[in-house]
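Asks: fold the following, please.
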Amino acid sequence: MILDSLTQAVGNTPMVRLRSLEPPGVEIHAKLEWFNPGGSVKDRAALRMVQEAVSTLRGRTLLDSTSGNTGIAYAWIGAALHIPVALVMPGNVSEARKRIARHFGARIIFSDALEQSDGAIRLARKLVEDEPEKWFYIDQYSNEANPRAHELGTAREIWDQTEGRVTHAVIGIGTGGTIMGTGRGLKARNRAVKVIAVEPAEALHGLEGLKHMPSSIVPRIYKESEIDRKLSIATDLGWDMAERLISDEGLLAGHSAGAAAVGALQVAHELAGRGERGVVVTLFPDRADRYISPP
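Replies: Predicted coordinates:
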C-alpha cells in the first residue's frame, strides 16, 4: 500500500489477546494504539480535530494544552500538513515526549509541574485570552471532534475485530474523548455492551495521561452519565501490571495501559466469579518508551 500522506496511516491498529490474564470463560483483548504513526491513541483525535479546524485557522498558530501524547500527535500532523503548532505542557512531562514534540517543530510552553494537566489548561486559556489573534485554541477537552474520531473509528474497529462479540469496553479517562466516542459507537451497535472507565485512585498519581476526575477540571466532552461504571486504580497497581505485561506478554506498555489492564482483569474476574462468559476489550494508549528518559 502506498499512502499519499502519513495521516492516512492513522487507525486500524491491531488487537492482541492477553491470555496470561484471562480467567476461565472470559477473553481479554487489548487494542495496541502505539501502532499509530505518532505512537499513541491521540493520533486519532488530533487528526480529526485538525482536519475539522484547518479551514478556520486563518494563519494563526494551533495551540492546545497536553500532557504529551496529544501534543506529539499535533506536532507530527502539523509538520505533515504544514501547520504551525504550539503546546502548553506541565513542566514534569517525560523528557522523551518533550524531545519528540520538539523534533517535529512544535513550540513548547511549560506550565507549573505541580498543577499537572489542569495548570496547562489554565495557561493555554490565558494565552488565548491575551492574544486571540495569534492563537487558534483547538481545545481537546471541549472539542466534539475528539470523541467523534473514536465513535467513527475505534468503536468500528473493535466491533469488527471481535466480530461483534465484545461485551465490555474498559478504557482510561484522559480528556474523556476515547471512552465517550468508543462507548457511543459500541452501544450504537449493541446497547448491552458495558462501558467502564478507569481513572487513577489518587489525585496526585503517577499514571501519566489519565485524569483523576474528582480533583480535576472535568472536560466538557466527558459525560459520566454515558458510562456504566468507573474503576479507581492505584498507581502502584498500574505500574506493576505494566511490568507484568512485559514479562508475560512481551508488551512494552505504558503505565496508563497497565492501569487499563488492571481494570480489564478486575472485570474479567468478576464475570468468571459469577460463572459468566465475556469478551473484555481494553485499549493500550502508548508504549513505555514514552516514559523512559535518556541518561
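Asks: do me a favour and average the pLDDT over the one helix or strand Arg99 maps to.
Replies: Using DSSP states H and E, Arg99 falls within helix 95-103. Averaged across helix 95-103, pLDDT comes to 89.
Asks: again with stretch 152-171
Replies: For stretch 152-171, the mean confidence score works out to 98.
Asks: now stretch 221-228
Replies: On average, stretch 221-228 scores 96.
Asks: what about that stretch, distance to the chain center?
Replies: 16 Å (Cα atoms, centre = their mean, to the nearest Å).
Asks: tell me which residues of that stretch come out buried.
Replies: For stretch 221-228, burial by neighbour count (16 or more other Cβ atoms under 10 Å) applies to Ile221, Tyr222, Ile227. Every residue, glycine included, has its C-beta placed from N, CA and C.
Asks: can you give me the neighbour number for Asn12?
Replies: 12 (other Cβ atoms under 10 Å).
Asks: next, give phi and psi for it.
Replies: When read as degrees, to the nearest 10, the backbone of Asn12 gives phi 50, psi 50.
Asks: tell me which element the nearest residue to it once chain neighbours are set aside falls in.
Replies: Closest residue to Asn12 apart from its sequence neighbours, by Cβ to Cβ, 6 or more residues apart in numbering: Glu157 at 6.3 Å. Assigning secondary structure by DSSP H and E places Glu157 in helix 155-161.
Asks: check Thr282 too.
Replies: Here Thr282 is assigned to strand 278-284, by DSSP H and E.
Asks: quick one, domains of this protein?
Replies: Listed domain ranges for the chain are 6-40+144-291, 42-137 (source: automatic domain parsing).
Asks: tell me where the protein has helices.
Replies: Under the criterion DSSP state H, the chain carries helices at the ranges 42-53, 69-81, 95-103, 116-130, 145-149, 155-161, 177-189, 235-249, 255-273.
Asks: Leu3: which of those is closest?
Replies: Among those, the nearest to Leu3 by Cβ to Cβ is helix 69-81 (10.8 Å).
Asks: report the buried residues of that closest one.
Replies: Those would be Asn69, Thr70, Gly71, Ile72, Ala73, Tyr74, Ala75, Trp76, Ile77, Gly78, Ala79, Leu81, for helix 69-81 by 16+ other Cβ under 10 Å.
Asks: average model confidence for that helix?
Replies: 95.
Asks: thinking again about what came up before, mean pLDDT lowest for which of the helices of the chain?
Replies: Among the helices of the chain, helix 95-103 carries the lowest mean pLDDT (a mean of 89).
Asks: which strands and helices sit next to that one?
Replies: helix 69-81, strand 85-90, strand 107-111 (3 or more Cβ pairs under 8 Å, 6 or more residues apart in numbering; DSSP states H and E).
Asks: contact partners of that helix?
Replies: Applying Cβ atoms under 8 Å, 6 or more residues apart in numbering, the contact partners of helix 95-103 are 39, 68-69, 71-72, 75, 87, 89, 108, 289-294.
Asks: what's the neighbour count on Arg19?
Replies: Arg19 - counted by other Cβ under 10 Å - has 10 other residues nearby.
Asks: please apply the same query to the one 3 residues further on.
Replies: Burial measure for Glu22: 18 neighbouring residues, criterion other Cβ under 10 Å.
Asks: just list whatever residues bridge to the nearest residue to it once chain neighbours are set aside.
Replies: Excluding the flanking residues, the one nearest Glu22 by Cβ to Cβ, 6+ apart is Ile28, at 5.2 Å. Residues found in beta-bridge contact with Ile28 (criterion: DSSP bridges) are Val280.
Asks: for Ile28, what are its contacts?
Replies: Applying Cβ under 8 Å, 6+ apart, the residues contacting Ile28 are Arg17, Leu18, Leu21, Glu22, Ala261, Ala264, Leu265, Ala268, Val280, Val281, Thr282.
Asks: of these, just say which sits nearest to Glu129.
Replies: Once Cβ to Cβ is applied, the member of the contacts of Ile28 that ends up nearest Glu129 is Thr282, at 38.2 Å.
Asks: distance of the nearest residue to the closest one once chain neighbours are set aside relative to Glu270?
Replies: Counting by Cβ to Cβ, 6+ apart, Thr282 lies nearest to Ala264, which is 4.1 Å off, once chain neighbours are set aside. Separation of Ala264 from Glu270 (Cβ to Cβ, to the nearest Å): 11 Å.
Asks: and if you look at Thr282?
Replies: Thr282 is 14 Å from Glu270, by Cβ to Cβ.
Asks: who has more neighbours out of these two?
Replies: Thr282 (28 against 15).
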